[in-house]
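In: Turn this into a structure:
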Amino acid sequence: MIASSQTSQSRVPRNDDNFTALFRLRVYLNVFMIIYSPAKLNLYLEILGKRQDGYHNIRTIFERISLFDKITLDVNSSGVIIIKSASGDIPKDSNNIAYKAAKLLKDDFGIKDGVDIEIEKNIPVGAGLGGGSSNAASVLVGLNKIWKLGLNKKKLVEYAAKLGSDVAFFIYEYAFALGESRGEKITPLNWKRKFWHILLVPKFSVSTRLIYQELDKSDDWSKRAFKKTDRIEKILFNRLEDITFKKYPEVKKAKDILREQGLDNVLMSGSGSSVFGIIKSRKEGLKLARFFRRLKGYRVFVAATV
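Out: Reported below is the predicted structural model:
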């Protein structure tokens, strides 16, 4: 499962036996679930053209990384879907993609129960890391189990495609995958690789819609292909980089900062704002992170392929 379901006994208060017993009972009854919802990077992103439905056909390489949001699903008897989060960066109503995921299943299967969805946000919003898409996939997978819907991967992917272009990738358990069509057509890449990354994320969101609108003003570029056997430095490419850099110069600055520290394999993920570099080890990443955290205006993460 792309988002590993876990129950954390260590988080249950030990001084309240009634609470502990209730917590364990709800887990046993399968009405409570904790899911860790991962981020993604785009190691390659080419835009093939605009579709009649307004979306774009793309070709991309997704990598799943060890930066997680925590999703708690807790079934309620009110029949209401409730979004809870301490984050001020995400909607707490029906505009939240996790809410939309729950509503799709609830409506299609006539589920009377509601669900409390608590989202602990660690993945920056509007950063090209797929946090919202991952949250939606986690809700689909989790509620499929809790509500005993019996949906296989193929059916879950169909629901995922209704929610967004990146959601399908997070349904699978792939460390690397090729994404085609809108991004929802997923093919695993059986790469026996593990990359370590340093991520530098400016503290603002990039409008994906704006970036694609700018792209549509000029679609006469020559398409860049790759071979699955290419070395990573030949694969790294993002068609949207130049456009995002023009609209959001701070994103280009983030890439320049990484390169100034001697990193050669550096790329923007998605439409931005996150920029990542490939590094040799966690140790190197932590050393770089200490330096970058002195800079104002950025969030810094060290993550690896998972």
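In: rest of the way, CA atoms for contacts and neighbours
Out: Will do.
In: packing partners for whatever helix or strand residue 49 lives in?
Out: Using DSSP states H and E, residue 49 maps to strand 32-50. Helices and strands touching strand 32-50, by 3 or more C-alpha pairs under 8 Å, 6 or more residues apart in numbering; DSSP states H and E, are strand 4-6, strand 56-76, helix 131-146, strand 237-238.
In: deepest of the ones you listed, which one?
Out: Of all those, helix 131-146 has the most neighbours on average by mean count of other C-alpha atoms under 10 Å, namely a mean of 25.
In: what about dumping the CA coordinates of that one to CSV?
Out: Coordinates of each C-alpha in helix 131-146 appear next as CSV, following Å, rounded to 0.1, in the frame of the first residue of the first chain:
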residue,chain,number,x,y,z
GLY,A,131,0.7,16.2,-0.9
GLY,A,132,-3.0,16.7,-1.7
SER,A,133,-3.1,13.9,-4.2
SER,A,134,-1.4,11.6,-1.8
ASN,A,135,-3.9,12.5,0.9
ALA,A,136,-6.8,11.7,-1.4
ALA,A,137,-5.2,8.4,-2.4
SER,A,138,-4.8,7.5,1.3
VAL,A,139,-8.4,8.3,2.0
LEU,A,140,-9.5,6.0,-0.9
VAL,A,141,-7.3,3.2,0.2
GLY,A,142,-8.2,3.6,3.9
LEU,A,143,-11.9,3.8,3.5
ASN,A,144,-11.9,0.9,1.1
LYS,A,145,-10.7,-1.2,4.0
ILE,A,146,-12.7,0.4,6.8
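In: Please state the offset of the strand holding residue 49 from the chain centre?
Out: 4 Å (C-alpha atoms, centre = their mean, to the nearest Å).
In: could you give the angle of it to strand 56-76?
Out: Put simply, strand 32-50 runs at 160 degrees to strand 56-76, going by axes from the mean of the first three to the mean of the last three C-alpha atoms, to 10 degrees.
In: Note down every partner strand of strand 32-50 and its orientation.
Out: strand 4-6 (antiparallel), strand 56-76 (antiparallel), strand 237-238 (parallel) (DSSP bridges).
In: Include distance to residue 299 and mean pLDDT when you put those strands into JSON lines, please.
Out: Shown next, in JSON lines, are the strands paired with strand 32-50 (distance: least, C-alpha to C-alpha, whole Å; pLDDT from 0 to 100):
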{"stretch": "strand 4-6", "distance to residue 299": "25", "mean pLDDT": "42"}
{"stretch": "strand 56-76", "distance to residue 299": "13", "mean pLDDT": "96"}
{"stretch": "strand 237-238", "distance to residue 299": "21", "mean pLDDT": "96"}
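In: mind checking which of those is nearest residue 300?
Out: strand 56-76 (11.2 Å; C-alpha to C-alpha).
In: just the angle between the closest one and helix 131-146, please?
Out: 50 degrees.
In: ok, then the element right after strand 56-76?
Out: strand 81-84.
In: ok, residues contacting that following strand?
Out: 92, 93, 96, 99, 102, 103, 114, 115, 116, 117, 118, 119 (C-alpha atoms under 8 Å, 6 or more residues apart in numbering).
In: Any idea which residue is closest to the centre of this protein?
Out: Centroid-nearest residue in the chain, with C-alpha atoms, centre = their mean: residue 130, separated by 2.7 Å.
In: My read is that that one contacts residue 37, right?
Out: No. Counting by C-alpha atoms under 8 Å, residue 130 does not reach residue 37; the two are 10.0 Å apart.
In: related to what we said a few turns ago, for the residue nearest to the centre of the chain, give me its contacts.
Out: Here residue 130 is in contact with 39, 40, 166 (criterion: C-alpha under 8 Å, 6+ apart).
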